[in-house]
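Student: Starting from these lines, generate the structure:
(chains A and B)
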Amino acid sequence: MNSVPGGARPAATVQSTSVAHSIAYIAVFAALVAVLGLPGNIPLPGLVPITAQTLGVMLAGAVLGARRGALSMILFLALVAMGLPLLSGGRGGLGVFVGPSAGYMIAWVVGAAVVGLVVRSGSGRPTWLKAFAGCVLGGMITLYVIGIPVQAAVTGMSLGQTFTASLLFLPGDLIKAVIASIVTMGLWKAYPRAFHQ
Amino acid sequence: MGGKLVSFALVALGLSFAPATWWTIGVCLVIAPVAYALAGLGMRLLFKDLRGLLLILVFLAVTQAIFLEPIDAVRNTVRVLAIILLAQVVTRTTPVQGMIETCERVLGPFRRFGVNPERIGLAMALTLTSVNQLGAIVKEVKDAQKARGVRIAPWAWVMPVLVLTLQHADQVGDALEARGLGGSDED
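Tutor: Just a heads-up that it's a prediction; the model follows:
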């Protein structure tokens, strides 16, 4: 967000986004994550549910950038904590923040920021490589790094055991990273205004 | 609200450090039904919440049973279940409005660091209305594509929906700006 000293805003330039627009984008992407949870979990053989919601985490970071992407995830999690059933399968409430997947959800905030940092690195313009690398680093690895230790602590299993059990998520997460990259590059062509900071 | 949260945190902490005995397992199994009964939530709601947790529980129990001693697997599973259900009691006995007010009270002192509780409240309300708006956009796009009657890929609605969603965000931003929100400072 560009802050302008003195409180006066210059005539809107293509590259600047007002606080009002930022709030709207942050809210809409939080809503997008909620909507992606509506189809529910897809139970896989092996009993690991896959949710499309992490797709929203990747997109929020890639489109909104690190700061607004992270704010959007904080907003989403705050609404979940208040008891709104916005998580996939209609889950919500404080309970999810003490359950086995608590770490993964907290990690959405950091994950969205990492996706944003990678996608906006260098020239600041998204490329296929940066989009995919960002989604893998922020939308997968960051989530594992924070989520797996928390899951291990909550369930009382060792890190190694939890990691092994989490490998079941890998194929689905890779597919999501590919989809998020395709969508990011598509939106960059179709609606570049959304990417302005 | 504050007292409820603190007692929940203490009980959750206690359960987390309790040793693995059949006695602790019994406490974990009893504590949630007792809390639901005391809060006047009823057993029907307890079963509804349990159904929602079923998949997680099965996953938890299966992975634990593979890696751990049976008693540890049982203890861990019922402990996680008890803590989640207790948290659910806190949530269910506090209305969303009460949560938002607690949120604003907690955030109040941070105003001097540039936090704006009203703006956060606005963003929360906007998110909830946007969920409905997004659903409407999905329906609109799918109907329009159906009306054209062309056979198209099943995922062809995704990009139009997202572009319309972003346009919607910009319209909301314009509207907020027109009502005097925005300008110079950070949120």
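Student: switch to C-alpha atoms for all contacts and neighbour counts from now on
Tutor: Fine.
Student: show me the contacts for the nearest residue to B:Gln64 once chain neighbours are set aside.
Tutor: What sits nearest to B:Gln64 in space, not counting adjacent residues and going by Cα to Cα, 6 or more residues apart in numbering or on different chains, is B:Ala73, at 5.0 Å. B:Ala73 sits next to B:61, B:64-65 when contact means Cα atoms under 8 Å, 6 or more residues apart in numbering or on different chains.
Student: Same question for A:Leu94.
Tutor: A:Leu94 is in contact with A:80-83, B:84, B:87-88, B:90-91, counting by Cα under 8 Å, 6+ apart.
Student: Then B:Ala87?
Tutor: Contacts of B:Ala87 (Cα under 8 Å, 6+ apart): A:93-95, A:98, B:8.
Student: Alpha carbons of the helix or strand where it lies, in CSV - could you do that?
Tutor: Using DSSP states H and E, B:Ala87 maps to helix B:70-92. Output in CSV follows, covering the C-alpha atoms of helix B:70-92 (Å, rounded to 0.1, in the frame of the first residue of the first chain):
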residue,chain,number,x,y,z
PRO,B,70,-2.1,-48.9,21.8
ILE,B,71,-2.6,-47.0,25.1
ASP,B,72,-0.7,-43.9,23.8
ALA,B,73,-2.8,-44.0,20.6
VAL,B,74,-6.0,-44.1,22.5
ARG,B,75,-4.9,-41.5,25.1
ASN,B,76,-3.8,-39.0,22.3
THR,B,77,-6.9,-39.5,20.3
VAL,B,78,-9.4,-38.9,23.1
ARG,B,79,-7.3,-36.0,24.5
VAL,B,80,-7.4,-34.2,21.2
LEU,B,81,-11.1,-35.0,20.9
ALA,B,82,-11.8,-33.6,24.4
ILE,B,83,-9.9,-30.4,23.8
ILE,B,84,-11.6,-29.7,20.5
LEU,B,85,-15.0,-30.3,21.9
LEU,B,86,-14.3,-28.1,24.9
ALA,B,87,-13.2,-25.3,22.6
GLN,B,88,-16.4,-25.9,20.7
VAL,B,89,-18.4,-25.3,23.9
VAL,B,90,-16.7,-21.9,24.3
THR,B,91,-17.5,-21.0,20.8
ARG,B,92,-21.1,-22.2,20.8
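Student: Please, where are all the helices along chain A?
Tutor: In chain A, the segments counted as helices under DSSP state H are A:19-36, A:53-64, A:66-81, A:102-119, A:128-136, A:142-155, A:159-166, A:170-190.
Student: okay if I get those as a markdown table plus mean neighbour count and mean pLDDT?
Tutor: Formatted as a markdown table, these follow (neighbours: other Cα atoms under 10 Å in any protein chain shown; pLDDT from 0 to 100):
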| stretch | mean neighbour count | mean pLDDT |
| --- | --- | --- |
| helix A:19-36 | 26 | 93 |
| helix A:53-64 | 29 | 96 |
| helix A:66-81 | 24 | 93 |
| helix A:102-119 | 26 | 96 |
| helix A:128-136 | 24 | 97 |
| helix A:142-155 | 21 | 91 |
| helix A:159-166 | 16 | 89 |
| helix A:170-190 | 18 | 94 |
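Student: pLDDT below threshold where in chain B?
Tutor: By pLDDT under 70, the weakly predicted segments of chain B are B:1-2, B:96-97, B:99-100, B:150, B:182-187.
Student: hmm, 50 instead?
Tutor: B:183-187 (pLDDT under 50).
Student: and it, what are its domains?
Tutor: Domains of chain B are assigned by automatic domain parsing as B:2-94, B:113-178.
Student: Which among those domains is found nearest to A:Trp108?
Tutor: Checking the domains of chain B against A:Trp108 by Cα to Cα gives domain B:113-178 as the closest, at 17.1 Å.
Student: Between the two ends of the closest one, what distance do you get?
Tutor: End-to-end distance of domain B:113-178 (Cα to Cα, to the nearest Å): 27 Å.
Student: So what's the gap between it and the chain middle?
Tutor: In this view, domain B:113-178 has its centroid 21 Å away from the chain centroid, taken as Cα atoms, centre = their mean, to the nearest Å.
Student: Could you confirm whether any residue of stretch A:19-33 contacts chain B?
Tutor: Yes. For stretch A:19-33, a contact with chain B is found by Cα under 8 Å from any Cα of the partner chain, at A:19-28, A:30-32.
Student: How about the contacts made by A:Val178?
Tutor: Applying Cα under 8 Å, 6+ apart, we find A:Val178 in contact with A:Phe132.
Student: From A:Phe169, how far out is it?
Tutor: Separation of A:Val178 from A:Phe169 (Cα to Cα) stands at 14 Å.
Student: Next: A:Ala31.
Tutor: A:Ala31 sits 24 Å away from A:Phe169, going by Cα to Cα.
Student: Heading C-terminal from the longest helix belonging to chain B, find the next helix or strand.
Tutor: Counting residues, the longest helix found in chain B (DSSP H) is helix B:117-148. Tracing the chain past helix B:117-148, the next element assigned as helix or strand by DSSP H and E is helix B:158-178.
Student: nearest to A:Val183, of the domains of chain B?
Tutor: Smallest distance to A:Val183 across the domains of chain B (Cα to Cα): 7.2 Å, for domain B:113-178.
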